[in-house]
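Student: Predicted coordinates and the sequence they were generated for:
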Amino acid sequence: MNSAALLKLTGVYKNFGGVQAIHDLSFELAQGELLGLIGPNGSGKTTAVNLITGFVKPSEGEIIYRGRDITGWAPYKIVRLGIARTFQMVKPFYHLPAYKNMIIPLYSPRVKQLAGGKYGDRDAVALDLLEEVGFERDAFVAYKNASVLPQGYLKRLELAKAIALQPDLIILDELFSGLSLAEVAGIVPIIEKLRLEGKTIIMIEHRLKELFRIADRVVVLNFGEKIAEGQAQAVMESDAVKKAYLGAEA
Amino acid sequence: MFLGTVVYALINSIALALMAIGFNLTFGISGVANFAYGALYIFSAYTSWMLLNLLKLPYLLSAVISILLTALLGALMYRFVLQRVRGQALSEVIATFGIGLAILELFRYLGFVGFEYNLPVFIDNSFFILGAFVDMQRILIVVIGILLISGLWIFTHHTSLGLAFRGIAQDERTALSLGIDSDWIATVAVSFGAGLAAVAATLIIPLGSISPGEGYEVLIKALAVCIIGGLGSTGGVIVASFIIGFAERFTDAYIGSHWTMMVSLAAILIVLIVKPSGLFGKQKELEERI
Amino acid sequence: MEKRKERIDRGIKARSVDIFALSSWREMLYLAAPRLIPIAGFLILPLILGLYWQKVLLSVAVFALLAISWDILAQTGMISLGQALFFGMGAYTAGILNHYWSWPPLVAIPAATLLGGIICTVFLLPVLRLRGIYFSMVTLIIPLMLVRIVEATKIFGGTEGLTGIAPLPSKWIELYLIMGVLMAALFGFRRLLASDYGLVLKAICDNDRSVINAGINIYWFKAQALFISSCIGALTGAFMTHVYMFVGMPVFALDYSILPIAAAIVGGPGTLAGATLGAFILVPLSEILRGIGGLRIVFYGLFLVVFIVALPEGIFHYVQRKYNQFERWVEVE
């Protein structure tokens, strides 16, 4: 593993009007790690991701990616550096077939750059990528309109859109939510494969059992502050975390 | 001359603010686009005129009836047209624009053009203030204007109906789940806005005469004020009205009346470049909409 | 027994998909006819119409182009209430180039197209970052303000405008030039919007967050769409300056803003063909109704409202649907 951190947050604060969504958040991420970002509802996990990916600008603090200060950068520029994310509320282009949904990320300048200046046949690349995330080719699932696909496929589509950008860091916001155990079991191998390819992953999750099977480390947030960090089991033993999730009684 | 210009600028600013608050209430605060605003303004003026001259009703009564009728027209407009296209900005804008167009051009076609179409002032008197002749009507504009604007501010910040207006613009789903009937509130918002337009018309039209072209002018002015001040912010509307009001009057007095429109346009361009969402604008930039 | 309406593709539509279109003349005709009819029409009409209706045809083409320009912006998510801005900018640029520097029309028109496009795009750049409604508001008031500015400051001829602009070599060149541009714009931009580039534009309208998330700079793309549309608008303005041999305040009139929108909405928004069809219907209609004067605009207004509220899909989509599919009642199983 690389000793230099891939991503480093230092003293990040974010205020929305009177509400302090993120309070003094700092953590590091090494290359190739799978970090779980967990915490009760409203603890600021998605805001943290929004800050990293540039959709929201921090009120204070620094975000450094590969040694570059990306604090306050526009989101599209951050994506071009190699960070891709999925959204918690999946919103595909409903009136388009699944594979046409992939055209947008494949049109990205980053893809063009990595492919040596040529886009190639986007349709074919889209179908290949969708097959990799489990859209059965012979059932022609990729050709169906996004409006008729069930949630499991839509989540995979969202994942495929992130993978299409060939990122080095992928941030998955509640990928497992709304999926059955079988569907989760189907997606985990895809994530494992991404790790084998050397990608770094951050996962926001509520489904801790499934997450702990694959995560190296977790960071726990509560009310915008980091209350614990470390190996999954150790973290869950900590009092602060128990109190956050279960309340003072436990 | 300077003091006189200041006085007129003050009056002009309040008049502008009066014109803009109705539009701001409907669109900036409640989120319902109403591009028929100028037409409603003129509609109320012509209705007053017809009540006054054709039915020979006393002026105050005509004015009040016309304000109520305009508010009713606003409500009907929402109920029968806007409600069906609610949420699709394109359709809202075009539909209301179409209605406004139809109303104004209908008046123009029916021949309601000419100097005899004017409304009388409430009290015919004038004063000499700080070196300028100020007639009673203009003083009335200032007084009522200030009352209305502060009233509106209190309304939108401290009454439950006003807060409901703001609620449906911010997050309709949440408002609905809190028991706020979004459609009903929007109807009320549109008709309030229309009523305010009518009040502004009743106060300002007597300074000149009624013409359909005024309808477009009012829409332009209201839009300009809202763009500069920032949609949704009553404070912004006030500040912007003063900026434009003063700029217009001083340009008129010291440079030449031809250049007043230029000043407004320049103000808009500067605001768009420096702070696009308006001086006090709360229109979230894209990034904050996540 | 209950019935429901079922909509199925016509047999010939199913047979003319992909390579099977070449299987017989009938299939090829089925596909080609909707494209050939407008082309043939626009090529032949100038020859068979009388002088008056030729002028109307010119107007149809101009408004069709303005409607196409509006539609391109609308598909990217920008609703322009001021096509007159593009039209007027192009008109004045061509007029100025010809009046002050004697540039010949066939040079002035392309130059005005580009220049007008650039000026309008730069003007509107700051608004692209804001909510769509700002774009509508700004495009609405700028032409109206420009009218008053020209009137007040008397620049570029003021209220009288610039007269004595050189005309195009002949009436036939006028007609076929604009017809050619219309055909090129219609088919060319339909092709563009159907391609992946067009997909990105439509995606920006649909869900811009998703497009940003793909690393695409949406403002750059919006600016490109704006540039294309304003160039088309500027071209129509420049063209008309040379047809009327005059340019003045009326080029910023509300008419040039509203009729294209009405045409696009009546004809069917979202397909440039609908915009053209709408212009083809509304412009002659307004000519016929010329007798009733100002009431015309009342009708446009009402048309706008009725169509956008009750028939948002427009005529073209309806016709297209009927051409490709048929409906029948079937039993509910």
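Tutor: Done, it's in.
Student: Show me what from chain C comes close to chain A.
Tutor: Selection of chain C residues close to chain A by CB under 8 Å from any CB of the partner chain yields C:196-197, C:199-200, C:203, C:206-207, C:209-218. In this view, the C-beta of every residue, glycine as well, is placed from N, C-alpha and C.
Student: Restricted to helices, list those.
Tutor: Counting by DSSP state H, the part of the residues of chain C next to chain A found in helices is C:196-197, C:199-200, C:203, C:206, C:209-213, C:218.
Student: List only buried entries from those residues.
Tutor: Taking 16 or more other CB atoms under 10 Å in any protein chain shown as the criterion, what is buried in those is C:199-200, C:203, C:206, C:210-213, C:218.
Student: of all those, which comes closest to chain B?
Tutor: Nearest to chain B among these, counting by CB to the nearest CB, is residue C:212 at 7.4 Å.
Student: how far out from the middle of the chain is stretch B:253-271?
Tutor: 20 Å (CA atoms, centre = their mean, to the nearest Å).
Student: buried ones in it?
Tutor: For stretch B:253-271, by 16+ other CB under 10 Å, it's B:253, B:258-265, B:267-268, B:271.
Student: on that earlier part again, CSV for the ones in helices among the residues of chain C next to chain A, including distance to residue B:53?
Tutor: Listed next are those as CSV, based on distance: CB to CB, whole Å:
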residue, distance to residue B:53
C:196, 63
C:197, 60
C:199, 59
C:200, 59
C:203, 57
C:206, 53
C:209, 56
C:210, 58
C:211, 57
C:212, 58
C:213, 62
C:218, 55
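Student: contacting residues around stretch C:141-157?
Tutor: B:216, B:219-220, B:223-224, B:257-262, B:264-265, B:268, C:82, C:84-85, C:88, C:92, C:95-96, C:123, C:158-159, C:162-163, C:247-249, C:252-254, C:257 (CB atoms under 8 Å, 6 or more residues apart in numbering or on different chains).
Student: Check which helix or strand residue C:301 maps to.
Tutor: Element membership for residue C:301 (DSSP states H and E) is helix C:295-310.
Student: Please read the previous query as pertaining to residue A:22.
Tutor: strand A:19-30.
Student: Can you name every helix or strand that the lowest-mean-pLDDT helix or strand in chain B contacts?
Tutor: Lowest on mean pLDDT, DSSP states H and E among the helices and strands of chain B sits strand B:126-129, with a mean of 71. Packing partners of strand B:126-129 (3 or more CB pairs under 8 Å, 6 or more residues apart in numbering or on different chains; DSSP states H and E): strand B:132-135, helix B:136-158.
Student: Quick check: buried residues in the helix or strand bottoming out on mean pLDDT in chain A?
Tutor: Taking mean pLDDT, DSSP H and E as the measure, chain A has helix A:239-246 as its least confident helix or strand, at a mean of 79. Using 16+ other CB under 10 Å as the test for burial, helix A:239-246 gives A:241, A:244.
Student: Also stretch A:85-97?
Tutor: Those would be A:85-87, A:90, A:92-93, A:96-97, for stretch A:85-97 by 16+ other CB under 10 Å.
Student: can you map out the helices along chain B?
Tutor: B:2-23, B:37-53, B:59-80, B:89-109, B:136-158, B:160-170, B:172-177, B:182-204, B:212-229, B:234-254, B:260-274.
Student: same question but for the stretch 201-333 of chain C, I mixed them up
Tutor: Secondary structure of the stretch 201-333 of chain C (DSSP state H, counting those that start in this stretch): helices at C:208-213, C:218-244, C:254-267, C:272-288, C:295-310, C:314-324.
Student: Show me the residue of chain A that gets nearest to chain B, please.
Tutor: residue A:55 (4.7 Å).
Student: so what's residue C:282 up against?
Tutor: So residue C:282 contacts C:63, C:259, C:262-263, C:266, C:300, C:303 (CB under 8 Å, 6+ apart).
Student: top of those by neighbour count?
Tutor: With neighbours defined as other CB atoms under 10 Å in any protein chain shown, the most crowded of the contacts of residue C:282 is residue C:263; it has 31 neighbours.
Student: Excluding chain neighbours, give the residue nearest to it in space.
Tutor: residue C:278 (3.4 Å; CB to CB, 6 or more residues apart in numbering or on different chains).
Student: Which single residue in chain A comes nearest to chain C?
Tutor: residue A:79 (3.5 Å).
Student: Look up the closest residue to that residue, ignoring the ones flanking it.
Tutor: residue C:215 (3.5 Å).
Student: Might you report the residue contacts of that neighbour?
Tutor: A:76, A:79-80, A:105, A:108-110, A:165 are the contacts of residue C:215 under CB under 8 Å, 6+ apart.
Student: Which of these fall in strands?
Tutor: Among the contacts of residue C:215, the subset assigned to strands under DSSP state E is empty.
Student: can you redo the residues you listed as JSON lines with distance to residue A:14, neighbour count and pLDDT?
Tutor: Formatted as JSON lines, the contacts of residue C:215 follow (distance: CB to CB, whole Å; neighbours: other CB atoms under 10 Å in any protein chain shown; pLDDT from 0 to 100):
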{"residue": "A:76", "distance to residue A:14": "20", "neighbour count": "21", "pLDDT": "93"}
{"residue": "A:79", "distance to residue A:14": "20", "neighbour count": "26", "pLDDT": "93"}
{"residue": "A:80", "distance to residue A:14": "23", "neighbour count": "21", "pLDDT": "92"}
{"residue": "A:105", "distance to residue A:14": "27", "neighbour count": "27", "pLDDT": "92"}
{"residue": "A:108", "distance to residue A:14": "27", "neighbour count": "25", "pLDDT": "90"}
{"residue": "A:109", "distance to residue A:14": "28", "neighbour count": "15", "pLDDT": "90"}
{"residue": "A:110", "distance to residue A:14": "26", "neighbour count": "21", "pLDDT": "90"}
{"residue": "A:165", "distance to residue A:14": "25", "neighbour count": "23", "pLDDT": "92"}
